[in-house]
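>>> Mind folding the following:
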Amino acid sequence: MDDWRNLILAGNQYFAIDEMEHAEDNYFDALTLLDENSESLFTDREKLSAWLACHHNLATVYKQSDQSELARFHLESPLEIIEVQLKKASPDHQHFVELLKAYSAGLSELVVFKQTTQRAA
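Here you go, the predicted structure:
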């Protein structure tokens, strides 16, 4: 079932027209569907990217609505989860590199978030 794709697309459309509550609902629902299918989440590049994008998009929605703690949560929690997966996976496992890429992308987003929130403070 690929309903998560449609939910992400709908979230993006709402985001583009500044309908943040609807964007949040769609991103959150997509994230929930991806989390429910977690056995393949960390072995499927597309699902992993979508999962990370949902967290990033939710962080952006929350940051724009001055909910910094929720924004930080959606940037930090995927990193913690990916760290656990990296510890479980062998470095020569075919999905190890994808996990590292996802971790690197998430870490970069967190660094940018921290820099921008420090400047705003």
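>>> out of everything not next to it in sequence, what's closest to residue 107?
residue 79 (6.2 Å; C-beta to C-beta, 6 or more residues apart in numbering). Using the backbone N, CA and C atoms, a C-beta is placed for each residue, glycine as well.
>>> roughly how far apart are the one you found and residue 93?
19 Å (C-beta to C-beta, to the nearest Å).
>>> Looking at these two, which is more packed in?
Counted by other C-beta atoms under 10 Å, residue 79 and residue 93 do not tie: residue 79 has more neighbours, with 18 against 13.
>>> hmm, back to that, tell me if I'm right that the residue nearest to residue 107 and residue 108 touch.
No: contact criterion C-beta atoms under 8 Å: residue 79 and residue 108 do not qualify, at 10.6 Å.
>>> Now do the contacts for residue 45.
95, 98 (C-beta atoms under 8 Å, 6 or more residues apart in numbering).
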